[in-house]
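Asker: sequence unknown, structure follows:
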């Protein structure tokens, strides 16, 4: 073990300042410095500082005063505590004048005793280590007061190390046997002339032995970030840490470089230069990182994400391969949780799978809008960078039959042949395959019975029978009107006409002209998909007059369908139960792992998001509520069932809302048993087996 010579400064406890025969009380403190060879662990020595002995009018008896001392060290092997004082002899002198004393007459202790005329007297200390609150009762058990030339060792290292840091409290008692014929006056110690202590003040000097075993932490400024070696500037000294001792890592950090206009920020320590080892935060307390006598290297990790930010990266080779942009998510230094943004990136031919903490996808996966937790101040030096992970299309949704070969939690990607948009698909806890992105089909697509789930074609406006189309939102002069045209197709930006609210990756289009701040890049428009009223979502089946049962078709791809609602037996209810819920409304239900049901829906790979809803030209609750259409009509001609969840509750398809409201759509792959489809549309081909 390496040794260093250190100069320690201790605020010394107050010693026996003086003996006051009149009962006066003295408090004094002195800074004492000393040099010793010692390990660089911490030793603190403190005292209550309340010593005085009044022997006036006592007759022949013992006067006692105590000083309560505390010694603390983070060396679990203990310490050697040696006490000395500011004097070279422990005589007491009348009025502090040595000429007033006659050897053998007043206090000249020999072997712990001294003689005053014909009386037996002691002047010394007693260390009570076992029962520090019990004072001595006999003058014969006192030892001489420790002096500069004759220190006293009262504590030695432990034979069997402690499992924790040591914090010892004990008492030192001072005593003198007095007699009533002692001359009246003040008895003082006379300090050594080379000591800076005040006349008559006992100053404790403590030395500690080197009884700890250590290892060394070496800090390296270079590490790899996204394949590039980044090297910080500055110097961080090696650190000695002792076995079994919890110790904060060095708080000093390197300064990150600026390379090609990109600023890099310190993001913690890692035992591997490529970041694949164990990670530690700035100032984190660690214990036994390696074996004693060894050296462990910690590498400074770097990120281009600023402090107190969550940064989102499209994670593609060429920037031209992706549409959309995203701003950072700001987090305060005191924050311990955050809701992630949904992605605003579109990568042609790929479906968005998750956010991941590592560029290569080997880190932790998070769903869009998922709540994450972290330690207070964890990202105060270097933010959290998240990378989009993508799944390449493996075929067409309209003729896919691969769900049965997937395990729960598996993710693939499939293309909707109607617009060639690709969606990630996962097998969720209910053993069904769901799109884990919201439907983005727009009104430029022509629907047909071969590419859409049993649409009601041609789509007509019942108040303008001459207007028919196989496109959503066919041309019509009739906009929605609650009285005259309750099923009118939405062609204007009226206050309650909410079909096909088209949101693009340029964040500029809601209907035709919405550019409000709520559609900024940081709000991540793309993955919210399009908003549909129920008539559009059900491809013409969701009539105003339909008040019960499930529709026979919808705008999902052929072989897929809208989830059913209504109760615990519907698709939303079954999924809720599989995720740990009850299949019904719950304001406080939790999953088996203790997370809220809302968090369960938004976690990976479920990927439901706070999609909000559209009323006219405004979007509400998009950052605080999820709104998804079911295929089920409610017990009212104006309502249909929805999945609705907020930050603390879930209503899985047992809640209803106006059919004209714009909401999101998720599709489930149909299943077939003996040629019969659960899509209930009479199809005999396509879909899952």
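Answerer: Now that the structure is in, tell me what you want to look at. Source: prediction; values computed, not measured.

Asker: Please report how far the residue nearest to residue 455 when sequence neighbours are not counted lies from residue 153.
Answerer: Once flanking residues are discounted, residue 455 sits nearest to residue 539: 3.6 Å by C-beta to C-beta, 6 or more residues apart in numbering. Just so you know, the C-beta spots here come from the backbone N, C-alpha and C atoms, and that holds for glycine as well. According to C-beta to C-beta, to the nearest Å, residue 539 and residue 153 sit 92 Å apart.

Asker: what about the two, which has more around it?
Answerer: Set side by side, residue 539 and residue 153 show more neighbours around residue 539, with 25 against 12, by other C-beta atoms under 10 Å.

Asker: Can you classify the more buried one by secondary structure?
Answerer: coil (DSSP: H, G, I helix; E, B strand; the rest coil).

Asker: Report the contact partners of it.
Answerer: Shown in contact with residue 539 (C-beta atoms under 8 Å, 6 or more residues apart in numbering): 447, 452-457, 459, 553-555.

Asker: And it, how far from residue 633?
Answerer: The gap separating residue 539 from residue 633 is 14 Å, by C-beta to C-beta.

Asker: what sits against residue 224?
Answerer: Residue 224 neighbours (C-beta under 8 Å, 6+ apart): 230, 273-275.

Asker: Can you mark which positions in the top helix by length along the chain are buried?
Answerer: For the chain, the helix with the greatest residue count under DSSP state H is helix 571-578. Neighbour-count burial for helix 571-578, counted by 16 or more other C-beta atoms under 10 Å, picks out 571-578.

Asker: Could you name the helices and strands sitting against that helix?
Answerer: Applying 3 or more C-beta pairs under 8 Å, 6 or more residues apart in numbering; DSSP states H and E, one finds that helix 571-578 contacts strand 626-633, strand 650-658.

Asker: Give the burial count for the nearest residue to residue 326 once chain neighbours are set aside, as a bare number.
Answerer: In space, and not counting its chain neighbours, residue 326 is closest to residue 312: 4.3 Å by C-beta to C-beta, 6+ apart. A count of neighbours around residue 312, defined by other C-beta under 10 Å, yields 27.

Asker: do the one 10 residues further on as well
Answerer: Here the neighbour count serves as a burial measure; for residue 322 (other C-beta under 10 Å) it reads 21.

Asker: cool, and the one 5 residues further on?
Answerer: Number of residues near residue 327 (other C-beta under 10 Å) recorded here: 15.

Asker: Residue 301 now?
Answerer: Residue 301, neighbours per other C-beta under 10 Å, totals 23.

Asker: now swap in residue 158 and tell me
Answerer: 14.

Asker: Likewise for the one 10 residues further on?
Answerer: Neighbouring residues of residue 168 were enumerated by other C-beta under 10 Å; the total is 15.

Asker: how near is it to residue 579?
Answerer: 54 Å.

Asker: Over to residue 435?
Answerer: Taking C-beta to C-beta, one finds residue 435 at 17 Å from residue 579.

Asker: Could you do residue 275 as well?
Answerer: 33 Å.

Asker: of the two, who's got more company?
Answerer: Of the pair residue 275 and residue 579, residue 579 is the one with more neighbours under other C-beta under 10 Å, namely 23 against 18.

Asker: quick one, what contacts the more buried one?
Answerer: Applying C-beta under 8 Å, 6+ apart, the residues near residue 579 are 429, 591, 597, 600-601, 606.

Asker: From these, which land in helices?
Answerer: Going by DSSP H, the helices hold 597, 600-601 from these.

Asker: can you put the residues you listed in a markdown table and add distance to residue 397 and pLDDT?
Answerer: Formatted as a markdown table, the ones in helices among the contacts of residue 579 follow (distance: C-beta to C-beta, whole Å; pLDDT from 0 to 100):
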| residue | distance to residue 397 | pLDDT |
| --- | --- | --- |
| 597 | 28 | 90 |
| 600 | 26 | 92 |
| 601 | 22 | 95 |
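
Asker: okay, those in CSV with neighbour count and distance to residue 364 next?
Answerer: Shown next, in CSV, are the ones in helices among the contacts of residue 579 (neighbours: other C-beta atoms under 10 Å; distance: C-beta to C-beta, whole Å):
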residue, neighbour count, distance to residue 364
597, 24, 21
600, 24, 17
601, 26, 18
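
Asker: Would you map out the domains in this protein?
Answerer: The chain is divided into the following domains under automatic domain parsing: 4-207, 214-303.

Asker: any idea which of those scores lowest on pLDDT?
Answerer: Among those, domain 4-207 has the lowest mean pLDDT, at a mean of 51.

Asker: any idea which of the contacts of residue 539 has the most stuff around it?
Answerer: Top of the contacts of residue 539 by neighbour count (other C-beta under 10 Å): residue 554, with 33 neighbours.

Asker: just checking, that one touches residue 536?
Answerer: No. Residue 554 is beyond contact range of residue 536, at 9.3 Å (criterion: C-beta atoms under 8 Å).

Asker: what's the closest non-adjacent residue to residue 168?
Answerer: residue 71 (4.8 Å).

Asker: How about residue 537?
Answerer: Residue 537's closest residue in space is residue 629 (C-beta to C-beta, 6+ apart), at 4.6 Å.

Asker: What about the one you found, how many residues nearby?
Answerer: Quick note: residue 629 (other C-beta under 10 Å) scores 32 neighbours.

Asker: Show the model's pLDDT score for it.
Answerer: If you check residue 629, the pLDDT there is 95.

Asker: I'd assumed residue 534 was in contact with it.
Answerer: Yes. Here residue 629 reaches residue 534: they are 6.0 Å apart, a contact under C-beta under 8 Å.

Asker: and the two most separated of the contacts of residue 539?
Answerer: Maximum pairwise distance among the contacts of residue 539 (C-beta to C-beta): 14.2 Å, between 453 and 459.

Asker: Enumerate every residue touching residue 432.
Answerer: Counted by C-beta under 8 Å, 6+ apart, residue 432 has contacts 403, 571, 574-575, 668-669, 671.

Asker: Would you reformat those residues as a markdown table and include pLDDT and distance to residue 82?
Answerer: Listed next are the contacts of residue 432 as a markdown table, based on pLDDT from 0 to 100; distance: C-beta to C-beta, whole Å:
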| residue | pLDDT | distance to residue 82 |
| --- | --- | --- |
| 403 | 95 | 77 |
| 571 | 96 | 78 |
| 574 | 96 | 75 |
| 575 | 97 | 72 |
| 668 | 98 | 78 |
| 669 | 97 | 80 |
| 671 | 87 | 82 |
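
Asker: just those residues now: which is nearest residue 648?
Answerer: residue 575 (18.8 Å).

Asker: Let me see the contact set for the closest residue to that closest one other than its chain neighbours.
Answerer: Of all residues not flanking residue 575 in the chain, residue 430 sits nearest, at 4.6 Å (C-beta to C-beta, 6+ apart). Residues near residue 430 by C-beta under 8 Å, 6+ apart: 571, 574-575, 577-578.

Asker: how close does residue 430 sit to residue 620?
Answerer: 29 Å.

Asker: Verify the stated contact: residue 343 with residue 388.
Answerer: Yes. Counting by C-beta under 8 Å, residue 343 does reach residue 388; the two are 5.8 Å apart.

Asker: between those two, which one's more packed in?
Answerer: Between residue 343 and residue 388, counted using other C-beta under 10 Å, the more crowded position is residue 343 (29 against 23).

Asker: The more buried one in helix, strand or coil?
Answerer: Assignment for residue 343 (three-state DSSP): coil.

Asker: and the gap between it and residue 352?
Answerer: In terms of C-beta to C-beta, residue 343 sits 5 Å off from residue 352.

Asker: which residues sit in contact with the residue lying closest to residue 587 once chain neighbours are set aside?
Answerer: Leaving aside its chain neighbours, residue 587 sits nearest to residue 649 (4.5 Å; criterion: C-beta to C-beta, 6+ apart). Contact analysis of residue 649 by C-beta under 8 Å, 6+ apart lists 585-588, 597-598.
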